[in-house]
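Enquirer: Give me a model of this one.
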Amino acid sequence: MQTRILICTDLDRTLLPNGSQPESPGARDIFRRLVARPEVTLAYVSGRHRELVEEAMLAYDLPLPDWVIGDVGTTIYRAGSTEWQHWTAWEDNINSDWRGLMAKDLRPLFDDLPDLRVQEQAKQNRFKLSYYLSMQCDTEALRQEMASRLEAQNLAASLIYSVDEASATGLLDVLPARATKLHAVEFLMRHQGFDIGDTVFAGDSGNDLPVIVSRIPSVLVANADRAVVEQAQILVEQNSNQVAFYLARGGFLGMNGNYSAGILEGIAHYLPKTRYWMMETHED
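Expert: Predicted structure coming up:
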């Protein structure tokens, strides 16, 4: 029986080489040929909405995925060459966390908080309320205040903080509690018949941490921000999930471990048989 493998990867500064560190030449080509194998199911897991995912795929000549988890885990699409199918079962699954309310209904809860600046309408959706923060903001105190207000309204929510390195801006997403990247990946695994032995996740930033520190085998690419690496290491130790955490360091196939090179290094770490597939494509 053919082995099935699920590769889930973040886009910005993970698969996309749009950070300040250099990309290993040829790494994306090896990744492209690896995920083209019939054994592999590919899922992009991104904070981007659908149009921005498609824009990135075109700009960086990315392979067509089988699935796209977008908007920090609040949407899931079955991707296709002509039409993407919205997976409504996922939204039905997370709907009860907010008792039927939508993101726009939650905004009045936080209108008096001066550190919050609402992101553009294109970056909001039914289950995603997104804000910009200054880097000087006390994010932990702010999150505690927001969590207290949500709890008072009996709303189950996750507050996901990350940093846009390019603009040096904080990003804060208010999501249903079950709408993180972790829960979306777990939903995909469960409904498509993958277990943790078949799955590898790759990421680089704060909104990837719920998956990175979980039981799902995960890799932080070498270009990940040092603060994210340190936080991941602390949480992994607290959760006793060291066996499911890998920090790319470079050297694999002579590559530097950044971006797609780090993804490949992590996949080879967890699934040694894929090393031979990668070496075949490396030598072509």
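Enquirer: any idea how far V72 is from D97?
Expert: Using CB to CB, to the nearest Å, one obtains 14 Å as the distance from V72 to D97. Every C-beta, even on glycine, is put in place using the N, C-alpha and C of the backbone.
Enquirer: quick one, which of those two is more surrounded?
Expert: Per other CB atoms under 10 Å, whichever of V72 and D97 has more neighbours is V72, with 28 against 18.
Enquirer: Tell me if I'm right that the more buried one and K128 touch.
Expert: Yes - in this structure, V72 is within contact of K128 by CB atoms under 8 Å, at 6.3 Å.
Enquirer: any common contacting residues for the two?
Expert: Both V72 and K128 are contacted by D173, L175, A179, under the criterion CB atoms under 8 Å, 6 or more residues apart in numbering.
Enquirer: For the last one, give me its contacts.
Expert: Contact analysis of A179 by CB under 8 Å, 6+ apart lists V72, G73, T74, I94, D97, F127, K128, S158.
Enquirer: Narrow these to those in helices?
Expert: Helix and strand membership here follows DSSP state H; of the contacts of A179, those in helices are I94.
Enquirer: and the two most separated of the contacts of A179?
Expert: Farthest-apart pair in the contacts of A179 is V72 and D97; separation 14.2 Å (CB to CB).
Enquirer: Now do stretch 151-160: distance to the chain's middle.
Expert: Using CA atoms, centre = their mean, to the nearest Å, the mean C-alpha position of stretch 151-160 is found 21 Å from that of the whole chain.
Enquirer: hmm, who's touching that stretch?
Expert: Residues contacting stretch 151-160 (CB under 8 Å, 6+ apart): 72, 97-99, 101, 106, 109, 143, 146-147, 150, 172-180, 206-207, 210.
Enquirer: pLDDT added to the contacts of A179, as CSV?
Expert: Formatted as CSV, the entries for the contacts of A179 read as follows, by pLDDT from 0 to 100:
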residue, pLDDT
V72, 88
G73, 91
T74, 92
I94, 92
D97, 94
F127, 94
K128, 94
S158, 92
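Enquirer: ok, so of the contacts of A179, who is nearest V118?
Expert: Relative to V118, and with distances defined as CB to CB, the nearest of the contacts of A179 is K128, at 11.9 Å.
Enquirer: partners of the closest one in the sheet?
Expert: Under DSSP bridges, the beta-bridge partners of K128 are N125.
Enquirer: thinking again about what came up before, which of the contacts of stretch 151-160 are buried, as a PyMOL select command?
Expert: Here is the PyMOL command that selects only those of the contacts of stretch 151-160 that count as buried (16 or more other CB atoms under 10 Å):
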select buried, resi 72+97+98+106+109+146+150+172+173+174+175+176+177+178+179+180+206+207+210
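Enquirer: So which of the contacts of stretch 151-160 sit within strands?
Expert: The members of those that map onto strands under DSSP state E are L172, D173, V174, L175, P176.
Enquirer: Pick the one among these closest to G250.
Expert: Within the set of these, D173 lies nearest G250; the separation is 30.9 Å, counting by CB to CB.
Enquirer: Tell me where this structure has helices.
Expert: Taking DSSP H as the criterion, the chain contains helices spanning 27-35, 50-59, 88-94, 103-106, 139-152, 181-192, 209-212, 226-239, 259-270, 274-283.
Enquirer: Quick check: which of the ones you listed is buried the most?
Expert: Comparing the helices of the chain by mean neighbour count (mean count of other CB atoms under 10 Å), helix 259-270 comes out on top with a mean of 27.
Enquirer: Kindly format the C-alpha coordinates of that one as CSV.
Expert: Presented in CSV, the C-alpha positions along helix 259-270 are these (Å, rounded to 0.1, in the frame of the first residue of the first chain):
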residue,chain,number,x,y,z
TYR,A,259,12.6,29.0,4.1
SER,A,260,12.0,25.9,1.8
ALA,A,261,15.5,24.5,2.7
GLY,A,262,14.3,24.3,6.3
ILE,A,263,11.0,22.7,5.4
LEU,A,264,12.9,20.0,3.5
GLU,A,265,15.3,19.5,6.4
GLY,A,266,12.4,19.0,8.8
ILE,A,267,10.6,16.6,6.5
ALA,A,268,13.7,14.5,6.1
HIS,A,269,14.2,14.5,9.9
TYR,A,270,10.8,13.1,10.6
